[in-house]
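In: give me a 3D structure for the following:
(chains A and B)
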Amino acid sequence: MVVVGDAQSSAKLDRRAVVRELLRQRGDMLVVTGLGSASYDVFDAGDNEANFYLWGAMGSAALVGLGLALAQPERPVAVITGDGEQLMGMGGLATIAVKRPGNLSIVVLDNGRFGETGMQLSHTAYGVDLHRVADCAGFPLSLDLRTMEQVRELQPHLLRTEGGPRLATIRIVAEAQKRALPPRDGVYLKNRFRRHLGFAVS
Amino acid sequence: MQATDGRWPQVIYQVLRAGNVEQVVYVPDAGHGALIDMMLADERVHTTLLTTEEEGIAIASGAWLGGQRTALLTQSSGVGNCINTLSLVANCRFPLLMLVTMRGEWAEFNPWQVPMGAATRPVLAAMQVKTLPVETAADIEDTVSSAMMLAFEAGQAVAVLLSQRMLGRKEW
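Out: Got it, this is the predicted structure:
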């Protein structure tokens, strides 16, 4: 039996507009994206040397963010990913909660769908709430956002280097967007990110 | 667990710290137990307890993006969990240093450890991770320091395989 959660069926937010708002005043934010639409959204909002786009390794985005956040405690780190990608790394939310990096925020663009494979329903469409998982794991802040005003209120939190980790699910409309494809060359993405942080490319 | 030379975890600890490894990611493991305790006691090292080993591949990659070196401590059974995530390392040519305690290859009591023990080397080779086996404690210092140079200077993915014979028999 298909039971699509009310949160998804009533979602009104446009994912591209949400991500543009989150990155409009990004300051010295470092951004890691989960594969699929989240990577396209962040690229569409404006490519940046401080963006690291994942094209695979599903379930890894938040944990790449964790390693980065621990290594760069003075910089805010935002992971922007989708519900399907984060569902594959649910154990990682326990790992992050225990490690408690104050400068890490995770934004889950939640449309209750696996967009990349044809918009099949995901677990969140059946009622799994990732913000509640984060809350139960021990995240100091977990939010479930449904309006643009709430998104605007979240934005300054992404620039904080203390008080995390934070996780926000943002309920977005389940509709496919025109693809905006960031570079796929991992070595290039790695080297430009490290160069941005001042590390020599050897 | 009895080691043939009880000092080898200390040797690994010293080599990793001398090589400026600042993050250690691990799952609980009897073979790595003493090393994990030393890392936990070192306030200059970020130690991260994982729920599954592939998380460590992702964390090590993020740490390198941020300028830090990481060691992943795992059993051979955990190597299998890492396979797809190793595509991150291969695509981005991230350095990777894994220290793998072997099971299922010597004086093994539990048959469930045997398949992944036998598959550890071919799986790692298939995902472009170089394996450096250690059969005796006398070789540990040289092998781990060589693996560190391969990983962090030459940018390679490397796994040091600590043999079950060296680790000693698990008492049931």
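In: helix/strand/coil for the residue nearest the centre of chain B?
Out: Most central in chain B under Cα atoms, centre = their mean is residue B:99, positioned 1.5 Å from the mean C-alpha point. When classified by DSSP: H, G, I helix; E, B strand; the rest coil, residue B:99 comes out as strand.
In: pLDDT weak spots in chain B?
Out: Residue ranges of chain B with pLDDT under 70: B:1-5, B:171-172.
In: chain A contacts on that one?
Out: B:22-23, B:46, B:48-52, B:54-55, B:57-68, B:70, B:84-85, B:87-88, B:91-94, B:155 (Cβ under 8 Å from any Cβ of the partner chain). All C-beta atoms are positioned from the backbone trio N, CA, C, and that covers glycine.
In: one more time with 7 Å, if that's ok
Out: B:23, B:46, B:48-52, B:55, B:58-63, B:65-68, B:70, B:84-85, B:87-88, B:91-94 (Cβ under 7 Å from any Cβ of the partner chain).
In: which helices and strands does the helix or strand harbouring residue A:52 pack with?
Out: If you go by DSSP states H and E, residue A:52 is part of strand A:51-53. Strand A:51-53 is packed against strand A:30-33, helix A:37-44, helix A:186-196, with contacts defined by 3 or more Cβ pairs under 7 Å, 6 or more residues apart in numbering or on different chains; DSSP states H and E.
In: mind giving me the packing neighbours of the longest one?
Out: Based on contacts counted as 3+ Cβ pairs under 7 Å, 6+ apart, the elements that helix A:186-196 packs against are strand A:51-53, helix B:54-65, helix B:86-92.
In: mind putting the ones you listed in a markdown table, distance to residue A:142 and mean neighbour count included?
Out: A markdown table is the format used below for these (distance: least, Cβ to Cβ, whole Å; neighbours: other Cβ atoms under 10 Å in any protein chain shown):
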| stretch | distance to residue A:142 | mean neighbour count |
| --- | --- | --- |
| strand A:51-53 | 24 | 26 |
| helix B:54-65 | 20 | 30 |
| helix B:86-92 | 26 | 20 |
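In: okay, the ones you listed in a markdown table with distance to residue A:181 next?
Out: What follows is the helices and strands packed on helix A:186-196, written out as a markdown table (distance: least, Cβ to Cβ, whole Å):
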| stretch | distance to residue A:181 |
| --- | --- |
| strand A:51-53 | 9 |
| helix B:54-65 | 21 |
| helix B:86-92 | 16 |
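In: picking up where we left off before, what strands line up against the strand holding residue A:52, and which way round?
Out: With DSSP bridges as the test, strand A:51-53 is paired with strand A:30-33 (parallel).
In: for the partner strand, buried residues please.
Out: The neighbour-count check on strand A:30-33 (16 or more other Cβ atoms under 10 Å in any protein chain shown) flags A:30-33 as buried.
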